[in-house]
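**Student:** would you be able to build a 3D model of this:
(one chain, ligands or ions: 2)
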Amino acid sequence: MPPSTEPLRVERQVTIVEVGPRDGLQNEKHLVSTGLKLRLIRMLADCGFARIEATAFVSPKWVPQMADHDAVMRGAVRRAGLVLSALVPNEQGAQAAITAGAQELAVFTSASETFSRRNTNCTIEEGLARFVPVIALAAEHALPVRGYVSCAVDCPYEGPIEPGAAAKVVARLRDLGCAEIAVADTIGMATPERVHAMVLACLAEAEATQLAGHFHDTGGMALANVDAAWSLGLRVFDSAAGGLGGCPYAPGAAGNLRSGALVEHFASRGIATGIDSELLANVENMLADPVFLGKR
Ligand code: HMG
Ligand code: MG
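**Tutor:** Residues are numbered from 1 along each chain as shown. Ligands and ions are numbered 1, 2, ... in the order given. Here you go, the predicted model:
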């Protein structure tokens, strides 16, 4: 089927970045087929998501589930008004992602030194240095770059993280040229008070319009954490259909905030997301069926 050229004309008072195909599926033990990934991305586009993190151009040795990144990015549905992004750790990943048609790149580092080493085999400084050619390459192709700060509240190895440590990394990513910086509660154990303190510290380094909230939901507080960040002016939040996910290098981290829950949460407050909640419910029902992800 040829890609639709119909622009997405929807009102949004908040932007939800659907990270399920990447942050959700990367943690699935069973290898999900490329065909199912492409079907999921198409269904998410039909729901009205304007930003979908489609895959990760990371080492297949580190994250086998993302080994088909090239086929996923090349095969993913294209729509006017839809931006497909790719997570990349280095220039090699950035080059491959751009060649495959990524429309946004996302680099990732951490406020915790130990997590940086476990997740990317390098220090925070070394990771930031790897982003310099990534951001230059993106600029050459006029693509925006998002930067993630993992473990902005807690680290699975170091425990609680000082708000100032997250803010310091936000400042570095800002200086490198990231258009948006997502502060992440990687293990999903943050509380609204601690998110408030972390975001407040980050706001000393970046405007609220430059920041996004990425909350996992291990402790069941992700929606309250969204509200804490919203109260400080953030208007971009990540979630994953079906609440899929976790990080293979963050033991104990459960799924991402479920997209359906986030959409309902905003709807109940009269805040427009531009997402069709009935279509999204169909996607989440499909993901809940173990047959879909090949678990049975
Ligand atoms: P390394 O082993 O130190 O790297 O890994 P290397 O440069 O020595 O390369 C080793 C091999 O990987 C080489 O292949 C490279 O070609 C290959 P070989 O010669 O052995 O056959 N390689 C690559 N292959 C494909 N794409 C690439 C790439 N780069 C090197 N881009 C590296 C360092 C960063 C590559 C590795 O540690 C890695 O890929 N880590 C990714 C880990 C990951 O994806 N974690 C999950 C995503 S982060 C996350 O979930 C958090 C987030 O959601 C926010 C939050 O919640 O906190 C974003
Ligand atoms: Mg994550």
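**Student:** what separation do you get for residue 158 and ligand 1?
**Tutor:** 14 Å (CB to the nearest ligand atom, to the nearest Å). From N, CA and C alone the C-beta is placed, and that goes for glycine too.
**Student:** just the pLDDT for that residue.
**Tutor:** Model confidence at residue 158, given as pLDDT, is 98.
**Student:** please name the residues that touch it.
**Tutor:** Contacts for residue 158 were tallied using CB atoms under 8 Å, 6 or more residues apart in numbering; they are 112, 113, 114, 115, 151.
**Student:** selecting buried members of the residues you listed in ChimeraX, what would you type?
**Tutor:** Only the buried entries of those go into this ChimeraX selection, using 16 or more other CB atoms under 10 Å:
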select :112,113,115,151
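**Student:** closest to ligand 1 out of the contacts of residue 158?
**Tutor:** Nearest to ligand 1 out of those is residue 151 (CB to the nearest ligand atom; 6.4 Å).
**Student:** how about the closest residue to the closest one other than its chain neighbours, phi and psi?
**Tutor:** Of all residues not flanking residue 151 in the chain, residue 112 sits nearest, at 4.0 Å (CB to CB, 6 or more residues apart in numbering). With angles defined as degrees, to the nearest 10, residue 112 sits at phi -110, psi 130.
**Student:** ok, residue 107 - contacts?
**Tutor:** 87-89, 130-131, 134-135, 145-148, 173, 178.
**Student:** just put these in a markdown table and tack on distance to ligand 1 and neighbour count.
**Tutor:** Output for the contacts of residue 107, formatted as a markdown table (distance: CB to the nearest ligand atom, whole Å; neighbours: other CB atoms under 10 Å):
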| residue | distance to ligand 1 | neighbour count |
| --- | --- | --- |
| 87 | 6 | 26 |
| 88 | 6 | 28 |
| 89 | 4 | 24 |
| 130 | 8 | 20 |
| 131 | 11 | 26 |
| 134 | 10 | 26 |
| 135 | 15 | 21 |
| 145 | 13 | 24 |
| 146 | 9 | 24 |
| 147 | 10 | 28 |
| 148 | 4 | 24 |
| 173 | 13 | 27 |
| 178 | 13 | 25 |
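**Student:** circling back to that earlier point, among the contacts of residue 158, name the ones in helices.
**Tutor:** Among the contacts of residue 158, the members found in helices (DSSP state H) are 113, 114, 115.
**Student:** any chance of these in JSON lines with distance to residue 283 as columns?
**Tutor:** Converted to JSON lines, the ones in helices among the contacts of residue 158 look like this (distance: CB to CB, whole Å):
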{"residue": "113", "distance to residue 283": "37"}
{"residue": "114", "distance to residue 283": "35"}
{"residue": "115", "distance to residue 283": "30"}
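**Student:** could you list the low-pLDDT ranges of this structure?
**Tutor:** 1-9, 295-296 (pLDDT under 70).
**Student:** quick check: the residue nearest to residue 151 touching residue 150?
**Tutor:** Yes: using CB atoms under 8 Å, residue 112 is in contact with residue 150, at 7.4 Å.
**Student:** helices of the stretch 51-200 of the chain, start to end?
**Tutor:** Taking DSSP state H, counting those that start in this stretch as the test, the helices found in the stretch 51-200 of the chain are 69-75, 91-100, 113-120, 124-140, 163-176, 192-202.
**Student:** burial measure for residue 208, as a count.
**Tutor:** Look at residue 208: counted by other CB atoms under 10 Å, it has 15 neighbours.
**Student:** ditto for residue 176
**Tutor:** Using other CB under 10 Å, residue 176 has 17 other residues around it.
**Student:** wait, what's in contact with it?
**Tutor:** 128, 131, 132, 135, 147.
**Student:** got a list of what the third one touches?
**Tutor:** I take that to be residue 132. Listed by CB under 8 Å, 6+ apart, the contact set of residue 132 reads residue 176.
**Student:** pull the number of nearby residues for the nearest residue to residue 10 once chain neighbours are set aside.
**Tutor:** Sequence neighbours aside, residue 274 is the residue nearest to residue 10 in space, at 3.7 Å (criterion: CB to CB, 6+ apart). Residue 274: 19 surrounding residues under other CB under 10 Å.
**Student:** what secondary structure does residue 274 sit in?
**Tutor:** Applying DSSP: H, G, I helix; E, B strand; the rest coil to residue 274 yields a three-state assignment of coil.
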